[in-house]
Each structure stands twice: as C-alpha cells, then as structure tokens.
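Chemist: sequence-free structure coming up:
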C-alpha cells in the first residue's frame, strides 16, 4: 500500500510534499489547502518533467500562515493553476499540520499518492 494524503486525512510535516502528473479540470482552477500553519506553507508548480513553470516558483508563492480549512494559494496575486498540461504540485512545509488540499471544481474524491 502506498502512502497518500486524503482530503479527509492528516499529516504534520516539516519538509516537502510532491504530487505529480495532476491534470486540472478547467480554466480558472485554483488551489486551496486545509492546514494549520504555525510556520509557513508555499507551493510551486512544475511540468510533468519536473521543470518549474514560469511565475509558479516558491519565491513567487505568497506564504500561507494560520489555521484555515481553505487557505487560497496564490503566486504574486494570481490564484489560477495552468490548465494546458499535466502539472506537479510541490509543497514546502514548515511546522504545518496539513489535512488536505482542493483544486476548485476538479478535486479528486479520494487520496493522491505521495512520491
């Protein structure tokens, strides 16, 4: 059995969480995280080959802090994920209890495998 992060699960993490070959459902999809962030949470977006997409690196992601069921993840004010290709989501977490994440209007019903 492979480890997974469910929308209904829980993990306390310091480090990275990578979810690959994710296909967004449509234009305007956004990313939210259900997390208690005592430190900081950031997300970068990569293509299926592992290259960071322009405008979606950790340094361009606005840091997330606090406890919320739907932290909106944004990159320099933009909250829309690229939809033209499969993507990887690469979370960097510092003192974070993460319960799950959601992609607006196209979230999976189960868990996503962690590599």
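Modeler: Yep, it's here. Note that the structure is a prediction, hence the values are computed from the model and not measured.
Chemist: just the strands in this structure please.
Modeler: Under the criterion DSSP state E, the chain contains strands at 4-6, 11-22, 31-47, 64-72, 87-103, 111-113.
Chemist: CSV for those, including distance to residue 81?
Modeler: All C-beta spots, glycine's among them, are computed from the backbone N, C-alpha and C. Compiled in CSV, these are given as follows (distance: least, CB to CB, whole Å):
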stretch, distance to residue 81
strand 4-6, 17
strand 11-22, 9
strand 31-47, 6
strand 64-72, 12
strand 87-103, 7
strand 111-113, 14
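Chemist: how about those strands in a markdown table, adding mean pLDDT, distance to residue 78 and mean neighbour count?
Modeler: As requested, the strands of the chain are exported to a markdown table (pLDDT from 0 to 100; distance: least, CB to CB, whole Å; neighbours: other CB atoms under 10 Å):
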| stretch | mean pLDDT | distance to residue 78 | mean neighbour count |
| --- | --- | --- | --- |
| strand 4-6 | 48 | 24 | 16 |
| strand 11-22 | 76 | 18 | 14 |
| strand 31-47 | 94 | 11 | 20 |
| strand 64-72 | 95 | 11 | 14 |
| strand 87-103 | 89 | 14 | 19 |
| strand 111-113 | 36 | 23 | 15 |
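Chemist: of the ones you listed, which approaches residue 80 most closely?
Modeler: strand 31-47 (9.2 Å; CB to CB).
Chemist: Mind checking the strands of the chain for the one nearest to residue 58?
Modeler: strand 31-47 (4.7 Å).
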